[in-house]
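Engineer: could you look at this predicted model? Sequence included:
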Amino acid sequence: MPTDPVIGIVGHGYAVPRPFGELPVAGTPQRFVDALVAAGTRPVVLPSRHAVELLDLVDGLVLTGGGDLDPAWYGGPAEMAREVDRERDVAEIELVKTAADLSIPLLGVCRGLQVLVVAFGGTLVSDLPHEIPFVGHPITAQPGSLVARLVGLERRTTALHRQAVSEPGGSWLATAWADDGIIEAVEWTAGGWPVLGVQWHPEHEWDTTGAAVFGWLREAAEDSRRSVGEKVAQEALRPL
C-alpha cells in the first residue's frame, strides 16, 4: 500500500478552446505535478471551490501561480490588476485560513505567496516589472531562516509576477528579497504551522531550488501525517 504523502494542488478554472466552444475546466500546470512526483509525493488536484471539503484526503497543499488578486482585498487600485478571478480569491483565502487552523503543511508559490499574506491582512503592490522568465534575478535570504536553509543565502530565481508583497502584516516574516527590495519569501511568525511562501517558481528550477522546496513540503507532510496518526492511536487507547 502506498505510504508517500498525498499533496493537494489547488486547481483553478481555465477556459479551454474546443471545436464546440470554450470548455470550463479545473486544473493546474503540469510542472507542479511533475515536481511533486519527483519529490516523492502523490499529487492530486483539488478544485478550488471544493478544496476545503477535501482537506481530509491530503497531507499537504500547494497554492500555485496565476492572475492578480483583486486589489479590493487590501485597498489597492483596481486599475492596476489583470486577470482577476474573484471566485478563486475567495476560495483560496478560505482554504488558507482553514489550513492554518488545522496546521496542514502548505507551500504558496508566486500568487500563492500573495494569497497567504492577503488572507491575514497583508497588502500587495501591483504593476511591477518582474516578468522576466528564464533570466530571472538574484535574491538574498535572511540568515537562519527556513528559506536560507533550503536554497542558501544567495540564489538566482525565476520571476513571473506583476504583484508582490508590500506589507506582510503581523502574521508573516519576510525572509528573502530581490535586489530591488521586493519580498521573495515569507514564513509564519506564530509557529506550529509548517508553511512557506516563495515568490519565484521552484517548479521551473528543480536543480537549483525545486528539489529543496518540494522536498521540504514532503517532509512536512510526512511529519504531519505521523503526528495525526499518533493522536488517533492515543485516542483509541483512552478508556471509555
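Structural biologist: Good, I have the coordinates.
Engineer: if I look at residue 83, how far off is residue 50?
Structural biologist: 22 Å (C-beta to C-beta, to the nearest Å). Backbone N, C-alpha and C define where each C-beta goes, glycine included.
Engineer: which residues touch residue 71?
Structural biologist: Applying C-beta atoms under 8 Å, 6 or more residues apart in numbering, we find residue 71 in contact with 77-78, 80-81, 124, 126.
Engineer: export those to CSV and tack on secondary structure, distance to residue 182 and pLDDT?
Structural biologist: Output for the contacts of residue 71, formatted as CSV (DSSP: H, G, I helix; E, B strand; the rest coil; distance: C-beta to C-beta, whole Å; pLDDT from 0 to 100):
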residue, secondary structure, distance to residue 182, pLDDT
77, coil, 18, 81
78, helix, 21, 80
80, helix, 15, 77
81, coil, 17, 78
124, strand, 11, 93
126, coil, 12, 84
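Engineer: most neighbours, which of these?
Structural biologist: residue 124 (25 neighbours; other C-beta atoms under 10 Å).
Engineer: let's see the pLDDT reported for residue 85.
Structural biologist: pLDDT recorded at residue 85 is 90.
Engineer: nearest residue to the residue nearest in space to the middle of the chain other than its sequence neighbours?
Structural biologist: Central residue of the chain (C-alpha atoms, centre = their mean): residue 108, 1.2 Å from the mean position. What sits nearest to residue 108 in space, not counting adjacent residues and going by C-beta to C-beta, 6 or more residues apart in numbering, is residue 197, at 4.0 Å.
Engineer: related to what we said a few turns ago, nearest to residue 118 among the contacts of residue 71?
Structural biologist: residue 124 (6.7 Å; C-beta to C-beta).
Engineer: who's in contact with the residue nearest to the closest one when sequence neighbours are not counted?
Structural biologist: Leaving aside its chain neighbours, residue 124 sits nearest to residue 163 (4.8 Å; criterion: C-beta to C-beta, 6+ apart). Contact partners of residue 163, counting by C-beta under 8 Å, 6+ apart, are 68-69, 81, 111, 114, 124-126, 128.
Engineer: pretty sure the residue nearest to residue 108 contacts residue 119?
Structural biologist: No - using C-beta atoms under 8 Å, residue 197 is not in contact with residue 119, being 10.7 Å away.
Engineer: so those two - more neighbours on which side?
Structural biologist: For residue 197 and residue 119, the more surrounded residue by other C-beta under 10 Å is residue 197, and the numbers stand at 29 against 22.
Engineer: check contacts around the more buried one.
Structural biologist: 107-109, 112-114, 116-117, 172, 185-187.
Engineer: make JSON lines from those residues and add pLDDT to it.
Structural biologist: Shown next, in JSON lines, are the contacts of residue 197 (pLDDT from 0 to 100):
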{"residue": "107", "pLDDT": "98"}
{"residue": "108", "pLDDT": "98"}
{"residue": "109", "pLDDT": "97"}
{"residue": "112", "pLDDT": "97"}
{"residue": "113", "pLDDT": "97"}
{"residue": "114", "pLDDT": "96"}
{"residue": "116", "pLDDT": "98"}
{"residue": "117", "pLDDT": "97"}
{"residue": "172", "pLDDT": "97"}
{"residue": "185", "pLDDT": "98"}
{"residue": "186", "pLDDT": "98"}
{"residue": "187", "pLDDT": "98"}
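Engineer: return the member of those nearest to residue 206.
Structural biologist: Nearest to residue 206 out of these is residue 109 (C-beta to C-beta; 13.5 Å).
Engineer: how many neighbours does the closest one have?
Structural biologist: 26.
Engineer: and it, bridged to which residues?
Structural biologist: For residue 109, the beta-bridge partners under DSSP bridges are residue 198.
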